[in-house]
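**Student:** Whatever this is, show me its structure:
(2 chains)
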There are 2 protein chains.
Amino acid sequence: MRYQASVEVRLREGIADPQGSTIENATSKLGFEGISNVRVGKSIRFTLESANEKAAHKTVQELCDRFLTNPVIEDATIIIQGIE
Amino acid sequence: MRYQASVEVRLREGIADPQGSTIENATSKLGFEGISNVRVGKSIRFTLESANEKAAHKTVQELCDRFLTNPVIEDATIIIQGIE
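**Tutor:** Now for the predicted structure:
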């Protein structure tokens, strides 16, 4: 069966996020008020063939551990959805 | 009121995604089968102060139009959630 996987890779809490800080500074300079805690991550989407949802989740978790994330500083949220 | 905003910035369909292609090629070299259509985007999260959810959505949409996305090649999905 085919599944749509969505992986959101985020910096762990407490890890400095220079890209987020730059955006935060830019917002106030551009006149937007009250914006804080800007964090920038990656969003990776793909389709995969798998026997079932559990196996699909396992494959994606393995992909994350092996090369989509740096587990020392990053965290991943995985969402799997079946495609007809 | 405070809101948590989540913006997913993705390349529009049909726009080449070299980063996604590189990941796709790597997966098959590493022995993962059946992975296709890899697309890499950005995920931007932040908190904002706003009068209500509609105003918060409007502010975030304006941020996207002005500098979080390049509307020629990118598309954004906005999710706003209230924080107690």
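**Student:** rest of the way, CA atoms for contacts and neighbours
**Tutor:** Fine.
**Student:** which residue of chain A sits farthest from its center?
**Tutor:** A:Gly31 (28.5 Å; Cα atoms, centre = their mean).
**Student:** phi, psi of that one?
**Tutor:** Dihedral pair for A:Gly31: phi 90, psi 10, per degrees, to the nearest 10.
**Student:** Not counting its neighbours along the chain, what's nearest A:Ile15?
**Tutor:** A:Ile73 (6.8 Å; Cα to Cα, 6 or more residues apart in numbering or on different chains).
**Student:** show me the contacts for the one you found.
**Tutor:** A:Ile73 sits next to A:11-12, A:15 when contact means Cα atoms under 8 Å, 6 or more residues apart in numbering or on different chains.
**Student:** A:Tyr3 contacts A:Thr47, correct?
**Tutor:** Yes: the pair A:Tyr3 / A:Thr47 is scored as a contact, 5.5 Å apart, by Cα atoms under 8 Å.
**Student:** What is the helix or strand containing A:Gly20 packed up against?
**Tutor:** Assigned by DSSP states H and E, A:Gly20 falls within helix A:18-29. Here helix A:18-29 touches strand A:35-49, going by 3 or more Cα pairs under 8 Å, 6 or more residues apart in numbering or on different chains; DSSP states H and E.
**Student:** Show me what counts as buried in the strand it packs on.
**Tutor:** A:35-36, A:38-49 (16 or more other Cα atoms under 10 Å in any protein chain shown).
**Student:** The residues you listed: which ones sit near chain B?
**Tutor:** Checking the buried residues of strand A:35-49 against chain B by Cα under 8 Å from any Cα of the partner chain, the ones in range are A:35-36, A:38-49.
**Student:** which residues of chain A score low on pLDDT?
**Tutor:** Applying pLDDT under 70 to chain A picks out residues A:84.
**Student:** do that again at 50, thanks
**Tutor:** Scanning chain A for pLDDT under 50 picks out nothing.
**Student:** still on that earlier bit, so which of the contacts of A:Ile73 would you say is closest to B:Gln61?
**Tutor:** Nearest to B:Gln61 out of these is A:Leu11 (Cα to Cα; 23.9 Å).
**Student:** Now for that closest one: which residues touch it?
**Tutor:** A:17, A:39-41, A:73-75.
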